[in-house]
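Visitor: Predicted model, plus sequence, below.
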Amino acid sequence: MTPARRLKNIIGGSAGNFVEWFDWFAYASFALYFSRAFFPDGDQTSQLLSAAIVFGGGFVARPIGALLLGIYADKAGRRAALTLSVAMMCVGSLLIAVTPTGFGFLSPALLVAARLLQGLSVGGEYGASATYVSEMAGETRRGFWSGFLYVTLIGGQLAAMLLQVLLQNVLSEAQLYDWGWRIPFVVGAALAVVVFWIRRGIHETRSFTEAPEPPHERGKAMLLFLKYPKETAIVVALTAGGGLGFYTYTTYMQKLLVNTAGFDKPVAAQVMTAVLATFMVFPPLVGWISDHVGRKATLVVAFGMSALLAVPVLSAIARATDPVTVYLLCLLPLFFLSGYSALSAIVKAELYPAHVRALGVAVPYAIAMAIFGGNAETAALYFKQIGHESGYFWLVAAIMSVSFVVASLMRDTRRHSLIREH
């Protein structure tokens, strides 16, 4: 495959990741505004907690989406699964955009339905796109392109934040509370249509088309637990720390700044926009380093430092008063966490053979994300509500420590990869 063709396919496989995560994080970013419309009872913390519970509900659907689309990707192909996942996200975003408020139980019920559909989509998208990019990247640059995949994920979140900053400057706060929060979901649905068209033109990977296993052996989910239980446990453990850390330092951080540190909403949004814009640079760089020093060493440093920094950094952010200080404090743990972010796709893909790779990448990842990433905001707000917010900081440190131990004991997948070059 020529470098130009390989690059075109990688960009096509990653483009949907950008849209998927734009739509996914638009919910988290604009929850500060629509939580009052869907959950009018109680104070701001109670409203945000209700919105966070629905956000977590989307994570419950992610393992189901990972299973269904993982099977589809291992049987019908990576490209087919990628096209289907972005179509599902389009429908979910459009449903949020048009859902009426003020209709009692019906309005939150429609919001939950839309989030469940988005959860199915994202659950399938990650496994399909991570597998596609890993198989398409080539042996010598897999770490770098794995990091680039996370750039599209962060880019989607950054785009949602930038849109929030833009709308905060052109609309009044009353307009944002009333109808302005619907705009990002309309934008997300429109972008999904574009990516659907792009993905229809990408090529299937040779790792899938030339896999030695016959078609009837592909996509059997039980193999993950019967034949590859160790690999599946490793993916769960690494994702637990990486997912919890990512959602703590990005998604929940805006709530921490507004609800605890006392920052105004626009200031908090601007700070986190700057943080995400800087964070985007880290994963490709760290992924490139892992192509030379190995995956294991990169992960050990990432989780070890993340465990040590969790309590002091989060405690300092909760007391911070200066936006520049918050910016620097957020970047410190995110720099080390990028060791996981850069390798999130490739380490999982290198653990499994082609006939169950999409399932292996997607299902244990989605299960861990549903438990740890999806409940990060809910757990943090619960600790805040009962008056023991620092307890959540220690929880983050503990989960990071578990991931550190697993990373220390695993083999280096760069030297023992099951991705076969054809």
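Guide: Nice, thanks for sending it over. Source: prediction; values computed, not measured.

Visitor: Every contact and neighbour count from this point should use C-alpha atoms.
Guide: Will do.

Visitor: Just give the closest residue to residue 192, not the sequence neighbours.
Guide: Closest residue to residue 192 apart from its sequence neighbours, by Cα to Cα, 6 or more residues apart in numbering: residue 90 at 5.4 Å.

Visitor: Now do the contacts for the one you found.
Guide: Shown in contact with residue 90 (Cα atoms under 8 Å, 6 or more residues apart in numbering): 188, 189, 190, 192, 193.

Visitor: Okay, the fourth one and residue 121: tell me how far apart.
Guide: Going back to what we said before, that points to residue 192. Applying Cα to Cα, to the nearest Å, the value for residue 192 to residue 121 is 12 Å.

Visitor: try the last one
Guide: In this view, residue 193 and residue 121 are 14 Å apart by Cα to Cα.

Visitor: Who has more neighbours out of the two?
Guide: More crowded of residue 193 and residue 121, by other Cα atoms under 10 Å: residue 121, with 31 against 17.

Visitor: Which residue, neighbours along the chain excluded, lies closest to the more buried one?
Guide: Excluding the flanking residues, the one nearest residue 121 by Cα to Cα, 6+ apart is residue 85, at 4.8 Å.

Visitor: Which SSE is immediately downstream of the helix or strand hosting that neighbour?
Guide: Counting by DSSP states H and E, the element that carries residue 85 is helix 78-98. Downstream of helix 78-98, the next assigned helix or strand under DSSP H and E is helix 106-137.

Visitor: for that following helix, packing partners?
Guide: For helix 106-137, the packing partners by 3 or more Cα pairs under 8 Å, 6 or more residues apart in numbering; DSSP states H and E come out as helix 3-38, helix 44-76, helix 78-98, helix 142-170, helix 323-351, helix 357-368.

Visitor: from those helices, which stretch is densest packed?
Guide: Mean neighbour count (mean count of other Cα atoms under 10 Å) peaks for helix 357-368 among the helices and strands packed on helix 106-137, with a mean of 30.

Visitor: pull the CA atoms of it into CSV?
Guide: Extracted as CSV, the C-alpha positions of helix 357-368 are listed here (Å, rounded to 0.1, in the frame of the first residue of the first chain):
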residue,chain,number,x,y,z
ARG,A,357,-9.7,-8.2,17.3
ALA,A,358,-12.6,-5.7,16.9
LEU,A,359,-14.5,-7.5,19.7
GLY,A,360,-11.3,-7.6,21.9
VAL,A,361,-10.6,-3.9,21.4
ALA,A,362,-14.2,-2.9,21.9
VAL,A,363,-16.0,-5.1,24.5
PRO,A,364,-13.7,-5.1,27.6
TYR,A,365,-12.9,-1.4,26.9
ALA,A,366,-16.6,-0.5,26.8
ILE,A,367,-17.3,-2.5,30.0
ALA,A,368,-14.5,-0.7,31.9
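
Visitor: Okay, now the unreliable bits of the stretch 1-150 of the chain?
Guide: Along the stretch 1-150 of the chain, the parts satisfying pLDDT under 70 run over 1-3, 41-43, 138-140.

Visitor: what separates the residue nearest to residue 192 from residue 33, distance-wise?
Guide: According to Cα to Cα, residue 90 and residue 33 sit 22 Å apart.

Visitor: And for residue 24?
Guide: Distance, residue 24 to residue 33, by Cα to Cα: 16 Å.

Visitor: same check, this time on residue 297
Guide: Using Cα to Cα, residue 297 is found at 42 Å from residue 33.

Visitor: Residue 410 now?
Guide: With the distance defined as Cα to Cα, residue 410 ends up 44 Å from residue 33.

Visitor: Likewise for residue 92?
Guide: Distance from residue 92 to residue 33, by Cα to Cα: 19 Å.

Visitor: Same question for residue 151.
Guide: Counting by Cα to Cα, the gap from residue 151 to residue 33 is 27 Å.

Visitor: same question, residue 376
Guide: Computed as Cα to Cα, the residue 376 to residue 33 distance reads 20 Å.

Visitor: Also residue 165?
Guide: Relative to residue 33, and taking Cα to Cα, residue 165 is found at 13 Å.

Visitor: any low-confidence regions in the stretch 151-300 of the chain?
Guide: 211-217, 219.

Visitor: need the helices for it, in chain order.
Guide: Using DSSP state H, counting those that start in this stretch, the helices found in the stretch 151-300 of the chain span residues 173-178, 183-199, 206-209, 223-226, 229-246, 253-259, 265-279, 282-293, 295-319.

Visitor: Out of the ones you listed, which gets nearest to residue 147?
Guide: Residue 147 lies closest to helix 282-293 among these, at 4.1 Å (Cα to Cα).

Visitor: and the closest one, what does it pack onto?
Guide: Counting by 3+ Cα pairs under 8 Å, 6+ apart, helix 282-293 packs on helix 142-170, helix 295-319, helix 323-351.

Visitor: Give the buried residues for the shortest one.
Guide: Neighbour-count burial for helix 295-319, with 16 or more other Cα atoms under 10 Å as criterion, is recorded at 295-296, 298-307, 309-311, 313-314, 317-318.

Visitor: Give me the nearest residue to residue 151, chain neighbours excluded.
Guide: Residue nearest to residue 151 in three dimensions, not counting chain neighbours: residue 280, with 5.3 Å by Cα to Cα, 6+ apart.

Visitor: Name all residues that make contact with the residue nearest to residue 121.
Guide: Going by Cα under 8 Å, 6+ apart, residue 85 touches 69, 120, 121, 122, 124, 125.

Visitor: Could you check how far the first one is from residue 78?
Guide: Computed as Cα to Cα, the residue 69 to residue 78 distance reads 9 Å.

Visitor: Can you work out which residues contact both of those two?
Guide: With Cα under 8 Å, 6+ apart as the test, residue 69 and residue 78 both reach residue 128.

Visitor: and the helix holding residue 85 with helix 183-199, angle?
Guide: Interaxial angle, helix 78-98 versus helix 183-199 (axes from the mean of the first three to the mean of the last three Cα atoms, to 10 degrees): 160 degrees.

Visitor: who are the neighbours in contact with residue 237?
Guide: Applying Cα under 8 Å, 6+ apart to residue 237 gives the contacts 368, 402, 403, 406.
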